[in-house]
Every structure is written in structure tokens, then in C-alpha cells.
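# Please find the sequence and the predicted model below.
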Amino acid sequence: MPLKVDYSGTIARWLPEDPAVIRKYHSDLLAELIDKGVCTSAGDVDEKKLSLVILEFKKLIEGSAEIFRDFHEMFDQILPNPDPSGLSITNYMQLLAVLDLTITKAPTYSYTSPLVSGVPMYGVLAPFCNTEAGYRAFTNLKVNVMFHKIFDEWTRFLVSPASRNVLVTTEGGWFSPDALQVQDDRLGVPFANAWVCYPDQPHMGFVSWDDFFGRRFREGVRPVLDPDNPEFINVACEAITYRVATDVQATDQFWVKDMPYSLEHILNYDPLASQLIGGTTFQAMLSSLDYHRWHSPVDGRVVKAYVVPGTYYAARLDDDPDPDVISRSQAFVTAMSTRALIFIESDNPNIGLMCFVGVGLGEISTTKLEVREGDRIKKGDEIGSFHFGGSTHLLVFRPETKLTLLPGPEPEVSDQARKVGTLLFHVDNQPLDA
């Protein structure tokens with residue numbers, strides 16, 4: 001049935017709209033591999049210079065007729081490069097070599113494309129995500145297991161002190177004047193005033209790239225508004241509102257153009273999902289440049305909390321040349337991608353059971369839970385976090401819970417997030433003790 005959308009917000013972006021930015025990004029990576037002797041300008045790759053995990057991926061591709069076909073056909077199906085002067089990834093061996101190079105580095109800042117800076121691996125794979133062969137490959141269980149292994153290798157570097165080489169003030173560093181200006185503008189306050197950091201120490205005191213990525217706000221920067229008023233539901237993540245939908249169905253055709261929510265798929269057919277069918281969903285997207293921790297929107301008790309494995313680069317296919325297909329697939333990915341489910345029984349009986357869904361996408365697939373079944377939580381308590389990029393999240397409520405969406409950032413400010421801890425919904429039900 002048609003999706004009932006009560007509010008449509010902004011499709012936030014992870015990648016720039018201009019495909020030329022991605023083409024140049026690919027060309028620069030290939031040029032670096034040629035300089036290192038890993039690739040030739042003709043497209044050949046010296047596999048002796050590839051890491052073991054990438055060679056394992058090569059073995060997987062070549063050992064399956066279906067995967068082998070898909071990793072050939074995706075190159076036939078991507079849009080052609082109109083710039084003959086640039087280098088292009090033209091075969092799966094080059095693609096593997098570029099992935100291998102990517103996992104040896106922490107993301108660097110690029111003023112021309114700060115969006116790609118936060119999700120470099122998605123920047124590599126994006127053109128292939130919007131092809132039929134890419135969709136088949138990136139929804140294949142074995143391929144996703146392999147991506148998980150690659151992310152594990154990358155994580156070992158990103159949590160190490162060596163990954164701080166991008167936390168510097170020189171060009172490409174996250175503390176360069178250009179990078180700090182972009183981050184200051186997003187927050188409206190200087191970086192050092194917003195985040196827990198130590199400007200007089202090397203790397204501002206961050207011990208790794210992951211430590212920087214998961215940075216915390218200073219005390220008082222994001223206060224929890226009306227913390228003792230149970231008639232308000234607060235913002236759980238610093239995120240850009242995508243949409244609010246009501247009368248969400250148990251199962252629905254989440255792959256069609258309108259991308260309706262399919263609650264049983266989103267909630268992994270959990271028995272608790274039955275209480276939320278027909279209710280309200282709120283979805284918003286986190287930028288790779290912002291805050292990545294999740295906070296409880298209500299006072300209550302954690303009923304259940306766990307992570308559902310899923311895909312990393314699956315997207316709803318379309319004919320749009322804009323490379324950022326996963327961002328256009330925000331509702332679609334809620335049923336497909338790796339996601340954390342936190343079911344909370346609110347102390348306000350008019351809210352009752354609700355669910356926080358943290359959807360990890362691409363290299364941001366790491367979702368860390370900070371709560372477990374039985375925990376008592378208050379509004380604003382940290383309940384989990386994303387790592388290594390941007391992502392999206394849902395709040396799901398029962399049909400009995402009547403909600404009014406409260407004003408957020410001005411609609412014309414398309415890339416402005418609702419601030420975590422501010423007021424999101426008013427609960428319109430008459431208090432039961434009135």
C-alpha cells in the first residue's frame with residue numbers, strides 16, 4: 001500500500017553530485033599505485049604486492065562462476081569516463097589493488113570534496129553500486145563476509161597510533177585551516193570549543209583516527225532539553241531529518257521507488273516487532289563529518305539489544321548519474337544493511353515500547369552497543385556509536401503513540417542536522433494519570 005509520509009526532509013549526501021570528482025579520485029589512486037609499481041598504466045596488477053586479505057578476495061571472485069561474472073559485468077555497466085586523460089578502474093584486479101591501498105591509510109581531508117574524505121571506500125565503489133552486476137555482487141553473502149574481513153584489517157590500522165598521521169595542520173590534515181573551517185561552520189563554534197580535545201598536544205590529544213572520529217562533545221555543548229518531561233522525545237543522533245512515516249506495514253515492497261518501510265525486515269522478524277506494526281518511523285542521516293554517538297531519546301529500560309548482520313554496499317538501482325546512490329537509498333537500506341536494534345520500554349506508558357535502529361553502511365558498518373538487556377537508561381545516556389563514516393538511523397514507535405514532530409532546523413538549510421538532545425516529538429496522548 002502507498003507509504004503515508006507525514007514529513008519529507010532532506011536526502012543528505014555522502015558523496016558529491018558531480019561524477020567528475022569520483023573519476024579524479026579514482027585516477028589519483030591509480031596513479032599512486034603505478035608509482036608504487038603495483039599497477040601498470042595498461043591496467044595490469046602485480047599480485048605479489050597485494051595483501052593476504054585482498055588475495056583472499058581475489059580467490060573468492062575467481063572461485064565462483066556467479067561472482068566472477070558479476071565482477072566483470074559491473075565494469076561493462078558503469079557510465080563511461082568522458083575524460084580520456086584520466087585513469088579509470090577498468091577491471092577487478094585494479095579494483096582490488098585500489099581497495100588494498102585504501103586500507104593502508106586513514107581518511108584524509110580534501111577541500112574539493114570533504115564528503116569523499118569521510119567515506120573513501122564508498123568513493124571507490126560507488127559507480128559499481130548502481131549497476132545490476134554490482135547489486136548482485138554486493139548482496140552476495142560471501143562477498144559481504146569478505147568485505148567484513150577487509151574492514152577488520154582496516155580497523156586494525158585506524159585504531160593504531162600510526163593512523164594519526166592525518167590529524168595534522170598541513171594540507172590534507174583534519175586540523176588544516178580548510179578542514180577546521182568546514183567543521184567550525186557545521187557546528188557554529190570553533191572545533192576546540194566543541195569537542196573534548198587538547199589543542200596544545202600533538203594531534204590535539206587524539207590517540208588514533210578512530211578516537212578522532214568518535215570524539216565527544218564538551219560538557220554543555222549539547223545539553224539534554226527538558227530531561228524530566230516524559231511528554232517529549234529527544235533527538236537520539238546528530239542527524240539530518242529524512243522523513244517521518246506513519247502506518248508502517250509489517251512487510252512492504254521496500255525496493256520500489258517510494259521505498260516504503262518493511263518493519264519485519266528492518267527488525268529482523270523479532271517477536272517484539274508486532275507491537276510496532278502500524279506505528280510511526282522517524283529516519284535521519286548522520287554525516288561522516290559530524291558526531292557519531294547515539295543517545296537515548298527517552299527514560300526507560302532496555303528490553304533487548306543486538307546487531308543484525310547485513311549488506312555493506314547494496315543500494316536501490318536507478319538511472320541517476322549522481323554517484324551517491326546509497327544516500328538516495330536511505331529507506332531501502334534499513335531492510336538490507338548491517339544494523340543495531342535497541343528495543344526500549346519507555347517509562348511513559350503512552351510511549352511504551354519503541355526501537356532505536358542504527359544502520360551501518362559501507363565502511364561505517366561497525367555498530368557498537370553500549371547497553372544490554374535490563375539496563376536502566378535516562379534521556380541523553382549514551383547507548384551506542386558508529387565507527388568510520390556516515391550512517392542513518394530510525395526511531396520506531398507503536399501505533400497507539402500519537403506524536404507531533406517539533407520544529408527543527410530551517411527547511412532551506414538542507415545540510416543542517418537536528419542537534420542531539422534537543423526536542424524531537426511531543427507525545428500527544430492524554431497522560432494516563434490525568
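Right, received. Where do you want to start? Numbers count the residues shown, from 1 in each chain.
# What segments of the protein are helices?
Secondary structure of the chain (DSSP state H): helices at 19-35, 52-63, 65-77, 92-102, 114-118, 120-129, 132-138, 141-158, 177-187, 191-194, 209-213, 263-266, 330-333.
# per-residue pLDDT, the closest residue to residue 395 other than its chain neighbours?
Distance criterion CB to CB, 6 or more residues apart in numbering; nearest residue to residue 395, sequence neighbours excluded, is residue 282 at 4.5 Å. Where you see a C-beta, it was placed from the backbone N, CA and C, and this is true even at glycine. Looking at residue 282, its pLDDT reads 96.
# List the contacts of residue 282.
241, 244, 394-395, 405, 424-425 (CB atoms under 8 Å, 6 or more residues apart in numbering).
# need the residues you listed in TSV with neighbour count, can you?
Output for the contacts of residue 282, formatted as TSV (neighbours: other CB atoms under 10 Å):
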residue	neighbour count
241	23
244	21
394	26
395	24
405	16
424	23
425	24
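# Specify which member of these is nearest to residue 69.
residue 394 (34.8 Å; CB to CB).
# gap between the closest residue to the closest one other than its chain neighbours and residue 397?
Spatial nearest neighbour of residue 394, excluding adjacent residues (CB to CB, 6+ apart): residue 357 at 4.0 Å. Going from residue 357 to residue 397 by CB to CB, to the nearest Å gives 12 Å.
# Then residue 347?
Taken as CB to CB, the span from residue 347 to residue 397 is 15 Å.
# Those two: who's more crowded?
The residue with more neighbours, out of residue 347 and residue 397, is residue 397; 25 against 15, by other CB atoms under 10 Å.
# Tell me what that one is bridged to.
residue 280, residue 354 (DSSP bridges).
# And the pLDDT for the spatially most central residue of the chain?
Nearest residue to the geometric centre of the chain (CA atoms, centre = their mean): residue 391, 1.9 Å. At residue 391, the predicted lDDT confidence score is 84.
# show me the residues around it that make contact.
285-286, 292, 358-361, 364.
# Of these, just say which sits nearest to residue 177.
Nearest member of those to residue 177, counting by CB to CB, is residue 292, at 23.8 Å.
# now the helices of the chain in JSON lines, with mean pLDDT, mean neighbour count and distance to residue 230?
Conversion of the helices of the chain to JSON lines gives the following (pLDDT from 0 to 100; neighbours: other CB atoms under 10 Å; distance: least, CB to CB, whole Å):
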{"stretch": "helix 19-35", "mean pLDDT": "93", "mean neighbour count": "17", "distance to residue 230": "47"}
{"stretch": "helix 52-63", "mean pLDDT": "98", "mean neighbour count": "16", "distance to residue 230": "49"}
{"stretch": "helix 65-77", "mean pLDDT": "97", "mean neighbour count": "16", "distance to residue 230": "51"}
{"stretch": "helix 92-102", "mean pLDDT": "97", "mean neighbour count": "22", "distance to residue 230": "46"}
{"stretch": "helix 114-118", "mean pLDDT": "59", "mean neighbour count": "22", "distance to residue 230": "36"}
{"stretch": "helix 120-129", "mean pLDDT": "92", "mean neighbour count": "25", "distance to residue 230": "39"}
{"stretch": "helix 132-138", "mean pLDDT": "97", "mean neighbour count": "21", "distance to residue 230": "43"}
{"stretch": "helix 141-158", "mean pLDDT": "93", "mean neighbour count": "17", "distance to residue 230": "39"}
{"stretch": "helix 177-187", "mean pLDDT": "88", "mean neighbour count": "16", "distance to residue 230": "30"}
{"stretch": "helix 191-194", "mean pLDDT": "95", "mean neighbour count": "17", "distance to residue 230": "29"}
{"stretch": "helix 209-213", "mean pLDDT": "93", "mean neighbour count": "22", "distance to residue 230": "33"}
{"stretch": "helix 263-266", "mean pLDDT": "94", "mean neighbour count": "22", "distance to residue 230": "25"}
{"stretch": "helix 330-333", "mean pLDDT": "87", "mean neighbour count": "24", "distance to residue 230": "29"}
